[in-house]
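Q: Okay, structure incoming, though there's no sequence with it:
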Ligand code: BTN
């Protein structure tokens, strides 16, 4: 079924009104705003009303307008410089489907599909990814010039970027479980799903889907998942997190094929050195995880001493 890709309902004027209000800590008169943005006071007033409907708290007085607070929405204009690359949805089936359609139509490297919630979020191995409001859900279209064989390195790079962002912003000890889960205190906080379109030697695109339990509540009985809100002890700023994560991903893409990527992954890995059971397509592999190779495959020492390379699978440790 074709995905209906809407242009986001964010007008340039609304963005500029917001920008002007943000620059000023006090009041800004309707007249000053209108002159500055080359429009009428009535038009300014309409844009203010629209912003309020979206959750911006704007105080109105004889002196004009004052921005009191902004909602924690992942709207394109919250990411200066990336607005043109972002397709924003308050709700969607799956950002993976929208991204696939966009990529097939030739959407450029770095296009990002963001949703506040997904009704049919997809996880690895055909699982469902519950995606209520409060989480962070996006798919990034990448067109790296690498061989398809090295595509799993993109998963390692993305999980490293998420873990690094968590460490930088909250000082939490985020770890990496092969192939691409990010854990806090042994519980999953982020899942990554990469879908690629390739011919024998050419990688057309890789859609990197990232789902983060940000401000989602975790039931007490939940043993395997956590959220940033739960780990930090309070709501986090999702837009600050996503902004920092996108910078981290961009920065790490440059070193995608460098040895440093694997070295860093090894340092944060909570899989290496552990006894694992991997359910891979058509086989179950049991043994000790001893390393990752240059393609991102996991190397297992099996009980009979032989080494086995695993490219994809579900890992229990
Ligand atoms: C996993 O099973 O661990 C991977 C989960 C990936 C979820 C993300 S949320 C954004 C993107 N859209 C989806 O439908 N799935 C991915």
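A: Structure's in. What do you need? Small disclaimer: the values here were computed from a predicted structure and weren't measured. Numbering: from 1, shown residues only.

Q: Could you check how many residues crowd around the closest residue to residue 148 other than its chain neighbours?
A: For residue 148, ignoring the flanking residues on the chain, the nearest one in space by CB to CB, 6 or more residues apart in numbering is residue 198 at 4.1 Å. Every C-beta, even on glycine, is put in place using the N, C-alpha and C of the backbone. Residue 198: 14 surrounding residues under other CB atoms under 10 Å.

Q: what about residue 198, distance to residue 224?
A: As judged by CB to CB, to the nearest Å, residue 198 and residue 224 stand 32 Å apart.

Q: ditto for residue 289
A: 19 Å.

Q: more neighbours, these two?
A: Neighbour count, other CB under 10 Å: between residue 289 and residue 224, residue 289 has more, with 23 against 9.

Q: Within the helices and strands, which one has residue 145?
A: Using DSSP states H and E, residue 145 is not contained in any helix or strand.

Q: Measure how buried it is and give me the count.
A: Neighbourhood size, residue 145 [other CB under 10 Å]: 9.

Q: check contacts around it.
A: Counting by CB atoms under 8 Å, 6 or more residues apart in numbering, residue 145 makes contact with residue 203.

Q: If we use 10 Å, what do you get?
A: 109, 202-203, 256-257 (CB atoms under 10 Å, 6 or more residues apart in numbering).

Q: Pull out the buried members of the residues you listed.
A: Buried by 16 or more other CB atoms under 10 Å: 203, 256, out of these.

Q: Which positions in the protein make contact with the ligand?
A: Proximity of the chain to the ligand (CB under 6 Å from any ligand atom) is limited to residues 94-96, 118, 121-124, 127, 129, 137-139, 181, 191-193, 209-211.

Q: Can you name the residue of this structure nearest the ligand?
A: Going by CB to the nearest ligand atom, the ligand is nearest to residue 191 of the chain, at 2.3 Å.

Q: Identify the bridge partners of that residue.
A: residue 211 (DSSP bridges).

Q: Would you mind confirming that it makes contact with residue 136?
A: No. Contact criterion CB atoms under 10 Å: residue 191 and residue 136 do not qualify, at 11.4 Å.

Q: which residues are in contact with both of those two?
A: 162, 210-213.

Q: Tell me, what's the model's pLDDT at the closest residue in space to residue 122 that isn't next to it in sequence?
A: If the residues on either side of it in the chain are set aside, residue 122 comes closest to residue 94, at 5.1 Å by CB to CB, 6+ apart. On pLDDT, residue 94 comes in at 98.

Q: Counting neighbours, what do you get for residue 94?
A: Neighbour count of residue 94, defined by other CB under 10 Å: 22.

Q: Go ahead and confirm it touches residue 129.
A: Yes. Residue 94 lies in contact with residue 129 (CB under 10 Å); the separation is 8.2 Å.

Q: immediately after the lowest-mean-pLDDT helix or strand in the chain, which helix or strand?
A: One helix or strand of the chain scores below all others by mean pLDDT, DSSP states H and E: helix 12-23, with a mean of 89. Remark: after helix 12-23, the chain's next helix or strand is helix 30-37, criterion DSSP H and E.

Q: Can you point out the buried residues in the next helix or strand after that following helix?
A: As assigned by DSSP H and E, the chain's next helix or strand after helix 30-37 is helix 41-53. Neighbour-count burial for helix 41-53, counted by 16+ other CB under 10 Å, picks out 43-45, 47-48, 50-51.

Q: quick one: average pLDDT of helix 41-53?
A: 94.

Q: now stretch 180-188
A: Per-residue pLDDT over stretch 180-188 has a mean of 96.
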